[in-house]
Structure formats: structure tokens, C-alpha cells
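Asks: just need the structure, nothing else, for what follows:
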Amino acid sequence: MRISWVVLILFLMAFPSVVFPQTNTATAEEAGIRQTALDYIEGWYEGNAERMERALHPELAKRIVRTNPQNNQSRLDQMSAMTLVLGTRRGGGKDTAKERQQKDVTVLDIYQNAASAKIVASDWIDYLHLAKFNGRWVIVNVLWELKPNLNR
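Replies: As a prediction, the model looks like this:
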């Protein structure tokens, strides 16, 4: 019995990451990703262009697939970082009532300097690709989809 305990203790000392995979660094990275996502969505709702710009890489591509229901033909629409920043500066989502300002952020995955996250917003869902760029997390790609049953 005593040998079993010794072996277990030696194993735990030799492989601490097996037992404790979450590190303070991983927690800090997740917090940075979450803050970037919140700067993006809250910046939109606030009409805060500086906050939106801080969240985005200048070469961001935000895309949506739109399909014509009459002929079932799809097209890919795209927005740039500048389009998002200017739209935010013009007021963005400021007209969205506070009680409708959904901003549920889920960090899906992190690997070194790359991450994926999801935002469920009031009228759409965004899938974000983020990169750690010059020491901070920024959004480089967004694929989004409108929520159904909205009066547009």
C-alpha cells in the first residue's frame, strides 16, 4: 500500500499538467479573448467606435452567406474593419433597447496565438477567429448568421 502512494505521488510530481491542465496563463488568455469579444459587441451597442476598433485587426473580414430563396443561389457578403468602425461611429446598435442587448460570449478554443469564440447577440450569431497580435487579442475573421423570425 505504501509503495502505491509513493508511485502516485511521483507520478503527480512528474506530470502536473495531466492533473492541473488549466493554468493562470490559460485563464488570462481566455479573459483577454472574452474582453476583446465584449469590446466588439458592447462597442457596437454603445456606438463606441474606439472600442470597436480596439477589438479588430485592421484587415478583418466579416462575412455572411446569403441565399436567394427563389433560385437557391448563394453569395458571400463581406464587411471590412473600416466598415464596422464607421458603422459603429454612426451609432451602431445604439437603437437596440438595453433589455435586447444580448452579448453572450463563449470561448470555444485557444491554441497558442489562435482562438475561436462565439457571440450570441440580439439579432445574430457571430463566430470569431482571434489572433494574439503584437501582444493583444484581436478579431481577424467573423462568420455570422442572422437569427430567424426577425421582422426585416
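Asks: which secondary structure elements does the longest helix belonging to the chain contact?
Replies: Of all segments of type helix in the chain, defined using DSSP state H, the longest is helix 24-46. Helices and strands touching helix 24-46, as assessed by 3 or more C-beta pairs under 8 Å, 6 or more residues apart in numbering; DSSP states H and E, comprise helix 49-55, helix 81-89, strand 103-111, strand 114-121, strand 124-133, strand 136-146. Every C-beta, even on glycine, is put in place using the N, C-alpha and C of the backbone.
Asks: buried deepest among the ones you listed, which one?
Replies: Highest mean neighbour count of the helices and strands packed on helix 24-46: helix 49-55, a mean of 20 (counted as mean count of other C-beta atoms under 10 Å).
Asks: could you tell me the angle between the longest helix of the chain and strand 124-133?
Replies: Counting by axes from the mean of the first three to the mean of the last three C-alpha atoms, to 10 degrees, helix 24-46 lies at 130 degrees to strand 124-133.
Asks: where does pLDDT dip in the chain?
Replies: 1-24, 150-152 (pLDDT under 70).
Asks: so for it, the centremost residue is which one?
Replies: A117 (3.6 Å; C-alpha atoms, centre = their mean).
Asks: so the nearest residue to it once chain neighbours are set aside bridges to which residues?
Replies: Residue nearest to A117 in three dimensions, not counting chain neighbours: L128, with 4.5 Å by C-beta to C-beta, 6 or more residues apart in numbering. For L128, the beta-bridge partners are A117, V142 (DSSP bridges).
Asks: please name the nearest non-neighbouring residue to V120.
Replies: Excluding its sequence neighbours, the residue lying closest to V120 (C-beta to C-beta, 6+ apart) is D104, at 4.2 Å.
Asks: kindly report the same for R90.
Replies: G47 (7.7 Å).
Asks: and for the one you found, the neighbour number?
Replies: 17 (other C-beta atoms under 10 Å).
Asks: and it, what does it touch?
Replies: 88-94 (C-beta atoms under 8 Å, 6 or more residues apart in numbering).
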